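Enquirer: no sequence on this one, just coordinates:
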Ligand SMILES: NC(=O)CC[C@H](N)C(=O)O
């Protein structure tokens, strides 16, 4: 099982790599656009600000190779958000535009501080190869202050006083808002399923 992990200076590369290698994957970390064109499957990690992440992807010439990639692609945490059209973060930033919609800030409420930090249970919305073996009610670990738009791409959600698209899919692109590398059995199963998704 080969996987290419984009190391672009805005991602939790080390923890994702360790989780993938624990599953037996051969991990290549790269920021070279040529490596993406020949990758069997790609994971786009991400932590921090959307604006900076997009600046890094643009500076490294990675935006178009990611956009044109037709084999399995998984965005993790901020990496899921980057798959959408735009984000309100950093005063508004255009993203990769692979899934329709705008990422918005989580509106804080008395029972719902922002950022959403901690364990929440998953509600499965529909079957998907990435969710094979994941059960309704499984726990996942979230750390985010922005939330993707809930729509047809949502295949699993978490209830945080608002519906948080926890796992999304559109064509060959999947996203995971929570940290699968820090989400115990469900997270490990999602990474394993991604590694086994036919390229
Ligand atoms: N954990 C993160 O890196 C968060 C990503 C994004 N900036 C958000 O607040 O949702």
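Expert: Structure's in. What do you need? All values reported here derive from a predicted model rather than from experimental measurement.
Enquirer: How about the residues of the protein by the ligand?
Expert: Those residues of the chain that sit near the ligand, judged by C-beta under 6 Å from any ligand atom, are 47, 48, 49, 50, 77, 78, 89, 115, 143, 144, 145, 146. (Glycine included, C-beta is placed from N, CA and C.)
Enquirer: if we go to 8 Å?
Expert: 12, 46-50, 77-78, 81, 89, 103, 105-106, 115, 143-147, 177, 179 (C-beta under 8 Å from any ligand atom).
Enquirer: Check the chain for its longest helix and report it.
Expert: Identified as the longest helix of the chain according to DSSP state H is helix 184-196.
Enquirer: name the helices or strands packed onto that helix?
Expert: Counting contacts by 3 or more C-beta pairs under 8 Å, 6 or more residues apart in numbering; DSSP states H and E, helix 184-196 packs against helix 13-22, strand 139-144.
Enquirer: Same list (those) but as CSV, adding mean pLDDT and mean neighbour count.
Expert: Shown next, in CSV, are these (pLDDT from 0 to 100; neighbours: other C-beta atoms under 10 Å):
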stretch, mean pLDDT, mean neighbour count
helix 13-22, 95, 18
strand 139-144, 97, 20
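Enquirer: Quick check: which of those is nearest to residue 36?
Expert: Residue 36 lies closest, by C-beta to C-beta, to one member of the helices and strands packed on helix 184-196: helix 13-22, at 15.0 Å.
Enquirer: For the helix or strand following the closest one, buried residues please.
Expert: Downstream of helix 13-22, the first helix or strand assigned by DSSP states H and E is strand 26-30. Going by neighbour count (16 or more other C-beta atoms under 10 Å), the buried part of strand 26-30 is 27, 28, 29, 30.
Enquirer: quick one, strand 26-30 and helix 184-196 angle?
Expert: Interaxial angle, strand 26-30 versus helix 184-196 (axes from the mean of the first three to the mean of the last three C-alpha atoms, to 10 degrees): 80 degrees.
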